[in-house]
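> Sequence and predicted structure, then a few things I'm wondering about:
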Amino acid sequence: MSHREQQQLLTGNQPLPQIIKNGTDNSERSPFLTDRNKPVSLTPSWEQRNLPNDELNFKGMTMDRAKMEISPPYDKWKLVFLIFMLHGLGTLMPWNMFITAKGYFVDFKLNSTLTTGEDSAYSTNFLAYIGFASQIPNVVFNWLNVFVNMGGDLTKRIVWSILIEICVFIVTVVLAMLDSSSWPGAFFWITMLCVVILNMANGIYQNTVFGMVATLPIKYTGAVVLGSNISGLFATVISICSSLIFNSQRTAAIYYFITAMFVLLVCFDTYFALPLNRFFRYNELMREKETNQVSLDDKSKTPYWTIFKKASPQLFNVFFVFFVTLAVFPAVHSDVQRMDKDFFIPENLFTAITCFLTFNFFAMLGSSLTSWVQWPTPRYLWIPVVLRVVFLPLFIICNYRPKNVLRVLTVYIENDYIYWTIAIIMSFSSGYLSSLGMMYTPQTVAQKHQVTAGMFAAAMLITGIFTGITFTMVFPIIVANLSF
């Protein structure tokens, strides 16, 4: 190669194919090529990573994406936080709407002059039936969603789950419009079937939301838990407002369930608004890059057992918080009666205020506090979680009077203010510690496994709720047979 040709090559004035002349021997071959059929390798480090050609050519790289990588966006106006808080409200909406509507089902739909003795049993044990019809499919489908790709990717799972829940609420509204006084048994079983289908879909929805939010900063998992705690307060307020506005129980129930449909529709719309947010898109981009790298470096299946073992301390915390809470609330908590006749809360509002309103309000406060304070650290969180077991005997020794049960156990806490203080501490600690456990769980594993860890946490949450509800059957037996 002449001096002139080398200068043209270095300055870029002559195309590379023209440098190598036909008929030249190996001694005249350009030092930049080892073979005439191979391209120039300017970035061998990229090729050594065995990246696909599309990635080597920067396919899909836009200016907006490049800007986000250079300058990561923030959650402006906390929109993503609020959206996930709304989805947290939506995940517990089915459960809260049905248990809060106890009066509509028991006193109106299942309490008729035409109701037989068999049907009256449906009315007496309605909450127990609702509990099992709700939590068993919820637990099963929460766990199945961890291991089985049910319904496709995350988007399809959430979309189909919400649509199914909306359809079930439509059926519930139609049932409220109909006069079912002559067929209360059929109404009961149709309602139970609706509850089962509703919670099958909700199990997938709830589990997927916690899996999706696990890749975001930990406070966004706290936002979902906060929304879950707001859900109970929301359902209570809507129930009270609908009963005050409408004199007819049928009309109040119709608008009550329509409100639930409206909330789910808002959840549906806001989910599709998430990709429009730069902060969410940036975090999705980071997750996709991590997933792509994992797919290149590791072709093995998801190590579920390894993830479970690493996250097990926090999974235990999540389970035990909800176990203790649901063992007390609402079954035991709502059966604690007023001791002091001069207590400032009237007897007809005592349970509504000291139980339902107190729990939902202070659990919400506890969850919201985790956005600013995360203490104790993951290593020591188990200590306050385990100490909460003290609430089980504390509520029993209050003036706990289960329906149709003769209490033999002595009442040791006779002061209503002390009982209310215990209820406040239990409620606040439930919201705070459950939120911390859910936030810490995805942080115990590698980023590539955070979605699975989040799904495990959601499954343990529902498992804690189910076992806590089941354990409540022990307390009436204790107070009726134990005396010391």
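Now that the structure is in, tell me what you want to look at.

> okay, now Val174: neighbour count?
By other Cβ atoms under 10 Å, the residues close to Val174 number 11. In short, each C-beta sits where N, CA and C put it, glycine included.

> same deal with Phe471?
17.

> Please apply the same query to Asn348.
Per other Cβ under 10 Å, the neighbour tally for Asn348 reads 7.

> ok, now Pro313?
Count around Pro313 with other Cβ under 10 Å applied: 16.

> What of Pro330?
19.

> Tell me the buried residues in stretch 169-184?
In terms of neighbour count (16 or more other Cβ atoms under 10 Å), stretch 169-184 has its buried residues at Phe169, Val171, Thr172, Val173, Leu175, Ala176, Ser180, Trp183, Pro184.

> could you dump the residues you listed to TSV with secondary structure and pLDDT?
Shown next, in TSV, are the buried residues of stretch 169-184 (DSSP: H, G, I helix; E, B strand; the rest coil; pLDDT from 0 to 100):
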residue	secondary structure	pLDDT
Phe169	helix	95
Val171	helix	96
Thr172	helix	95
Val173	helix	94
Leu175	helix	94
Ala176	helix	93
Ser180	coil	87
Trp183	coil	87
Pro184	helix	85
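
> Identify the residues contacting Asp416.
Counting by Cβ atoms under 8 Å, 6 or more residues apart in numbering, Asp416 touches Arg338, Met339, Asp340, Phe343, Ile345, Thr354.

> Go again with 10 Å.
Applying Cβ atoms under 10 Å, 6 or more residues apart in numbering to Asp416 gives the contacts 336-340, 342-345, 350, 354, 398-399.

> So among those residues, which ones count as buried?
Of the contacts of Asp416, these count as buried by 16+ other Cβ under 10 Å: Val336, Arg338, Phe350, Thr354, Cys398, Asn399.

> Just give the closest residue to the fourth one, not the sequence neighbours.
Counting by Cβ to Cβ, 6 or more residues apart in numbering, Thr354 lies nearest to Trp420, which is 5.3 Å off, once chain neighbours are set aside.

> again, but for the second one
Nearest non-adjacent residue to Arg338, counting by Cβ to Cβ, 6+ apart: Phe350, 4.6 Å away.

> Ramachandran coordinates for that neighbour?
When read as degrees, to the nearest 10, the backbone of Phe350 gives phi -60, psi -50.

> Against Leu193, how distant is it?
In this view, Phe350 and Leu193 are 35 Å apart by Cβ to Cβ, to the nearest Å.

> Okay, buried residues for the helix or strand harbouring Phe428 please.
Assessed by DSSP states H and E, Phe428 sits inside helix 416-440. Residues 416, 419-420, 422-440 are the ones in helix 416-440 that count as buried (16+ other Cβ under 10 Å).

> Ok, stretch 382-393 next?
By neighbour count, with 16+ other Cβ under 10 Å as the criterion, the buried positions of stretch 382-393 are Trp382, Pro384, Val385, Arg388, Phe391, Leu392.

> do stretch 193-200 as well
Under 16+ other Cβ under 10 Å, the buried positions of stretch 193-200 are Cys194, Val195, Val196, Ile197, Leu198, Asn199, Met200.

> Check stretch 95-103 too.
Trp95, Asn96, Met97, Phe98, Ile99, Thr100, Ala101.

> residue contacts, the fifth one?
In this case it means Ile99. By Cβ under 10 Å, 6+ apart, the contact list for Ile99 reads Phe105, Phe126, Leu127, Ile130, Gly131, Ser134, Gly232, Ala235, Pro330, Phe356.

> what does the fourth one give?
By Cβ under 10 Å, 6+ apart, the residues touching Phe98 are 104-105, 126-127, 130-131, 133-134, 172, 191, 194-195, 198-199, 235, 257, 260.

> Please repeat the previous calculation with a cut-off of 6 Å.
Applying Cβ atoms under 6 Å, 6 or more residues apart in numbering to Phe98 gives the contacts Ile130.

> Can you report how many residues lie near Asn149?
There are 9 residues near Asn149, going by other Cβ under 10 Å.

> Correction: the previous question concerned Lys156.
13.

> Where does pLDDT dip in the chain?
Within the chain, the segments meeting pLDDT under 70 span 1-70, 112-121, 124, 150-152, 287, 290-300.

> can we see that at 50?
9-10, 12, 14-36, 38-59, 113-115, 117-119 (pLDDT under 50).

> Identify the residues contacting Asn283.
Applying Cβ under 6 Å, 6+ apart to Asn283 gives the contacts Leu216.

> can we see that at 10 Å?
Contacts of Asn283 (Cβ under 10 Å, 6+ apart): Met68, Pro72, Pro73, Asp75, Val80, Val213, Thr215, Leu216, Pro217, Tyr220, Asn277.

> what about it, which SS state?
helix (DSSP: H, G, I helix; E, B strand; the rest coil).

> now it: how far from Pro217?
Look at Asn283 and Pro217: by Cβ to Cβ, they are 8 Å apart.

> and for these two, which residues touch both?
Residues touching both Asn283 and Pro217 (Cβ under 10 Å, 6+ apart): Asp75, Val80.

> Pro72 is in contact with Phe280, isn't it?
No: contact criterion Cβ atoms under 10 Å: Pro72 and Phe280 do not qualify, at 12.0 Å.

> Helices along the stretch 251-400 of the chain, start to end?
Ranges of helices in the stretch 251-400 of the chain, per DSSP state H, counting those that start in this stretch, are 278-297, 304-328, 347-351, 358-369, 382-387, 391-396.

> nearest to Leu264, of those helices?
When these are compared by Cβ to Cβ, helix 358-369 sits nearest Leu264, at 19.6 Å.
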